[in-house]
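[1] Based on what follows, work out the 3D shape:
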Amino acid sequence: MNYHNITTDDMRNGDGLRTVLWVAGCDHHCDGCQNPITWNPNGGIYFGYAAEQELFYHLYKKHISGVTFSGGDPLLPENRVTIFHLAKYIKQYIPGKTVWVYTGYLWEEVKDLPGMRWVDVLVDGEFKQELADVKYHWAGSTNQRVIDVQESLKEGRVILKED
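    Modelled structure (predicted):
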């Protein structure tokens, strides 16, 4: 998997202060996308051991609420193994941190992926320029849902995250 950047102390991509991994690769190519540079799965740089250690270093900080995987699309099929490996590690070894994933795929398309058990919040759906709303909390367009993954898996239906 390739990535473009790791940012920290981010307040716009999930609740609290977060570390964000911006992955490479997206096949949605949404009109009005804020990150078209991340579409090419071969763009950016290889996500190797040093990048993994940098990500974990930031996540061990007490003031960081968790990680957000964005991009690109973390759930692009070629990104899934790495993303779910990281999510599993974080949930097992860095207690109290939440895992958020932004994806252009719909919940209905990804809910049965085994790695979803390591995800707390999923922001699903392609960005729609005509539905863009800067006041819509945690998403770019109003068709996107901010889903409480664990509650949704338990209930067998979409449960939206409460603020």
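
[2] Break down this structure into its helices, ranges please.
    Ranges of helices in the chain, per DSSP state H, are 49-59, 80-93, 107-110, 149-155.

[3] most tightly surrounded among the ones you listed?
    helix 80-93 (a mean of 17; mean count of other Cβ atoms under 10 Å). Every residue, glycine included, has its C-beta placed from N, CA and C.

[4] contacting residues for the residue nearest the centre of the chain?
    Centroid check for the chain by Cα atoms, centre = their mean gives residue 101 as the closest residue, at 2.1 Å. Residue 101 makes contact with 68, 69, 70, 74, 75, 83, 87, 119, 121, 122, 123 under the criterion Cβ atoms under 8 Å, 6 or more residues apart in numbering.

[5] can you tell me which of the residues you listed are in strands?
    Judged by DSSP state E, the contacts of residue 101 include 68, 69, 70, 121, 122, 123 as members of strands.

[6] Please tell me how far the nearest residue to residue 129 once chain neighbours are set aside sits from residue 111.
    Among residues not flanking residue 129 along the chain, residue 32 sits closest, at 3.6 Å (Cβ to Cβ, 6 or more residues apart in numbering). Note on residue 32: its distance to residue 111, by Cβ to Cβ, to the nearest Å, is 26 Å.

[7] and the residue nearest to residue 129, how many neighbours?
    Residues lying near residue 32 (other Cβ atoms under 10 Å) number 12.

[8] for the longest strand anywhere in the chain, what is the average pLDDT?
    For the chain, the strand with the greatest residue count under DSSP E is strand 2-10. Regarding strand 2-10, the rounded mean pLDDT is 96.

[9] Quick one: residues contacting the spatially closest residue to residue 76 that is not a sequence neighbour.
    Leaving aside its chain neighbours, residue 76 sits nearest to residue 25 (4.4 Å; criterion: Cβ to Cβ, 6+ apart). By Cβ under 8 Å, 6+ apart, residue 25 lies in contact with 1-2, 38-41, 43, 71-73, 76, 78-79.

[10] From those residues, list the buried ones, please.
    Among these, those classed as buried by neighbour count (16 or more other Cβ atoms under 10 Å) are 1, 2, 38, 39, 41, 71, 72, 73, 76, 79.

[11] Quick one: residues contacting the first one.
    Applying Cβ under 8 Å, 6+ apart to residue 1 gives the contacts 23, 24, 25, 46, 47, 78, 79, 81, 82, 83.

[12] What separation do you get for it and residue 141?
    The gap separating residue 1 from residue 141 is 26 Å, by Cβ to Cβ.
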